[in-house]
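Visitor: sequence first, then the predicted structure:
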Amino acid sequence: MRRKSIILTVSIILLIIESCDEPETVVTNYVHPDGSVTRKIEMRNSKNNFKKADLQVPFDSTWTVKDSLEISQKGDTTWIKRAQKQFKNIDEINLEYKADSGANKDVLRHAGFKKSFKWFNTEFRFSERIEKTMSFGYPVKDFLNKEELLYFYSPGSLKNEKETSPDSLKYKALSDSVKHKTDTWVIRNLVSEWIGKFSDLISVRAGNDIKRELLKGQEEKFAEIFQAHEEKFDSLWSNDFFLKKFIGEDNAIKYKVEADSAMNIATNKIFINFKDYSVQIVMPGKLIGTNGFIDSSGVLLWPVKSDYFLTEPYEMWAESKIPNTWAWIVSGLFVVFVLTGVTMRILKKG
Amino acid sequence: MKNQSEKYETIISLLRKSKPVLDSTDEIERVVLKRIKIVHRSGLYLSELVDLLFGWVYIGWVRRSLIAASAALVLVFVYQQGVILKRIDVLSKQTVIIDKEKTTTPDTEIEKLLMTYKNAGRKFPFNTVTLSERQMDELLESIKELQIKYKDLEDLIEGDPELKKLIEQKLIESNRNKINL
């Protein structure tokens, strides 16, 4: 465990150092009525360094690439790599996701497209979905209220804008509240995942008298103990301090191996390798529904962060419609025809 | 009574004997027949067409089915449009309008660059100008070339006192002209 802690610390430091070089990436999906998708990726970096292993989304030599750079007023240079590819359908996008060897290869991502003919209109639904990583976690909506949830899922630029607005105090308080509650949520998830994995591992052992329900009943108490000793977590875990408190001294010795393995699995599920990026979708026709944010140019936007798909799948979806003009004309003529016939009959009768 | 009957017969025979004189009886006959034909035909076609199109109104089950179908169409239309309008209304309330976080800027075309240059008072707004890597390399290369040529020129002037004197004189004249201006 101590070794794991060191590895974790070093990894975090490396991640921070490395993150300075990782490109800021925006993926834009231009969805067409026939189900084809023009996918554009814009990667911005302070260095002309776009290693495949650092890229957040699958990208290879089959894409049309354009390199350029921008110089800010301060003289800072930003290197930009723009790539574009036309996908005949979403299956091609999903194939690229399956074969991804980039920075986010560990997460399961897939796109979906649905076209529904509804006589007067044809409706389209496009989605990008990231599957959840944890098996025993709790949805974040159980911990945050509606306003906090909106803030939690907001893009960084919106958060910054609000925190520097005249209502900055309100938003700073909201930000602190979200941070505090999400910390609690992460610890609760860690405990829940550990209980789930630990129960699975010890269930095969003969003479096992620790049941999942028993541990689940103590979950809140365990989480409070974890949170109270958060700063010394690694050393206290190594000393079996937590384990003795949770399952008693005898069981702590008996199930030490399983408990450590379960904690390894749980931490790996929470601290996954993932590099953030943003997704944009441009739908055909008139937009009628989405769970994303709309920017000033009418483009739908979603930030993609690892917190969003820990315990629940993260689906970014948009729906739009195109009116079927011919159906409107045919229906109108039909109704007029029937009304004329009925009117004529009434007049003749009269 | 007999007297009256005789009078009537006399008038009729007189009328029969005094027929109007017609120049072209055939022509009159043709025109009359043509007009009768036209009136008869048009009436026949319209009624046939009406019967053909709206004959269903006299068949009970067809009439009821078509009325039901058109009512269903109107209901579906009203329902669909109602749902869509409601969804658009909800959408306008729930989404947050924000500035673009990161945008895929359009490909730089020379016209767009020139327009930006023109609109920005002939000054390139640094944060919006996009140069390709090749263009940047060319720019740096030309600056380097210019610096080398300047250095050569400086060496040439330093090595020739007469030329140096001449250039200095020209520079003084030039400065004087600037002040006068």
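Guide: Yes, it's here.
Visitor: drop to CA atoms for contacts and neighbour counts, all remaining ones
Guide: Will do.
Visitor: got the CA coordinates for stretch A:31-38 in CSV?
Guide: Extracted C-alpha coordinates of stretch A:31-38, given in CSV (Å, rounded to 0.1, in the frame of the first residue of the first chain):
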residue,chain,number,x,y,z
VAL,A,31,-24.3,15.6,-38.0
HIS,A,32,-25.9,15.3,-41.4
PRO,A,33,-29.5,14.1,-42.1
ASP,A,34,-28.3,10.9,-43.8
GLY,A,35,-26.5,9.8,-40.6
SER,A,36,-23.0,10.7,-41.8
VAL,A,37,-20.9,12.8,-39.5
THR,A,38,-18.1,15.3,-40.3
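Visitor: give me the neighbour count for residue B:61.
Guide: Around residue B:61 there are 11 other residues, counting by other CA atoms under 10 Å in any protein chain shown.
Visitor: do the same with residue A:110
Guide: Residue A:110, neighbours per other CA under 10 Å, totals 19.
Visitor: tell me the SS of it?
Guide: When classified by DSSP: H, G, I helix; E, B strand; the rest coil, residue A:110 comes out as strand.
Visitor: from chain B, how far off is it?
Guide: 22 Å (CA to the nearest CA, to the nearest Å).
Visitor: equivalent analysis for residue A:164, please.
Guide: From residue A:164 to chain B the distance is 14 Å (CA to the nearest CA).
Visitor: which phi and psi values does that residue adopt?
Guide: Reported as degrees, to the nearest 10, the phi and psi values for residue A:164 are phi -110, psi 10.
Visitor: ok, it - contacts?
Guide: By CA atoms under 8 Å, 6 or more residues apart in numbering or on different chains, no residues touch residue A:164.
Visitor: switch to 10 Å and redo it
Guide: A:158, A:171-172 (CA atoms under 10 Å, 6 or more residues apart in numbering or on different chains).
Visitor: okay, these in TSV with secondary structure, neighbour count and pLDDT next?
Guide: Putting those into TSV (DSSP: H, G, I helix; E, B strand; the rest coil; neighbours: other CA atoms under 10 Å in any protein chain shown; pLDDT from 0 to 100) gives the following:
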residue	secondary structure	neighbour count	pLDDT
A:158	helix	18	83
A:171	helix	19	89
A:172	helix	15	90
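Visitor: quick check, nearest of those to residue A:282?
Guide: Checking these against residue A:282 with CA to CA, the nearest one is residue A:158 at 19.9 Å.
Visitor: isn't that closest one up against residue A:301?
Guide: No: counting by CA atoms under 10 Å, residue A:158 does not reach residue A:301; the two are 11.3 Å apart.
Visitor: residue A:160 - how many residues pack around it?
Guide: Counted with other CA under 10 Å, residue A:160 comes out at 12.
Visitor: tell me how far it lies from chain B.
Guide: Applying CA to the nearest CA, the value for residue A:160 to chain B is 11 Å.
Visitor: kindly report the domain assignment for chain A.
Guide: Domain assignment for chain A by automatic domain parsing gives A:24-133+A:274-330, A:145-271.
Visitor: helices of the chain, start to end?
Guide: Going with chain A. Using DSSP state H, the helices of chain A run over A:2-19, A:90-98, A:146-152, A:156-163, A:168-202, A:212-217, A:219-228, A:233-238, A:241-247, A:249-254, A:256-270, A:325-349.
Visitor: let me rephrase: I mean chain B.
Guide: Using DSSP H, helices in chain B cover B:2-17, B:25-54, B:60-94, B:110-119, B:133-159, B:161-180.
Visitor: quick check: angle from the third one to helix A:325-349?
Guide: Angular relation of helix B:60-94 and helix A:325-349 on a 0 to 180 degree scale: 140 degrees, by axes from the mean of the first three to the mean of the last three CA atoms, to 10 degrees.
Visitor: how about helix B:60-94 and chain A, touching?
Guide: Yes: contact of helix B:60-94 with chain A (CA under 10 Å from any CA of the partner chain) involves B:63, B:66-71, B:73-74, B:76-77, B:80-81, B:83-92, B:94.
Visitor: and those, which are buried?
Guide: With burial judged by 16 or more other CA atoms under 10 Å in any protein chain shown, the buried subset of the residues of helix B:60-94 next to chain A is B:63, B:66-67, B:70, B:73, B:77, B:80, B:84, B:87-88, B:91.
Visitor: tabulate those (a markdown table), appending pLDDT.
Guide: What follows is these, written out as a markdown table (pLDDT from 0 to 100):
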| residue | pLDDT |
| --- | --- |
| B:63 | 92 |
| B:66 | 95 |
| B:67 | 95 |
| B:70 | 95 |
| B:73 | 95 |
| B:77 | 95 |
| B:80 | 95 |
| B:84 | 95 |
| B:87 | 92 |
| B:88 | 90 |
| B:91 | 85 |
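Visitor: quick check: the farthest pair among those residues?
Guide: B:63 and B:91 (42.0 Å).
Visitor: count of residues packed around the nearest residue to residue A:79 once chain neighbours are set aside?
Guide: Spatial nearest neighbour of residue A:79, chain neighbours left out: residue A:69 (4.4 Å); criterion: CA to CA, 6 or more residues apart in numbering or on different chains. Close neighbours of residue A:69, defined as other CA under 10 Å, add up to 23.
Visitor: hey, what's residue A:69 bridged with?
Guide: Residue A:69 has these beta-bridge partners by DSSP bridges: residue A:79, residue B:131.
Visitor: same question, residue A:117
Guide: With DSSP bridges as the rule, residue A:117 is bridged to residue A:122.
Visitor: so it sits right up against residue A:123, yeah?
Guide: Yes: using CA under 10 Å, residue A:117 makes contact with residue A:123 at a distance of 6.4 Å.
Visitor: can you check which residues contact both of the two?
Guide: Common contacts of residue A:117 and residue A:123, defined by CA under 10 Å, 6+ apart, comprise A:321-322.
Visitor: more neighbours: these two, which one.
Guide: In terms of neighbours (other CA under 10 Å), residue A:123 is the more surrounded of residue A:117 and residue A:123; the figures are 22 against 12.
Visitor: alright, calling it a day.
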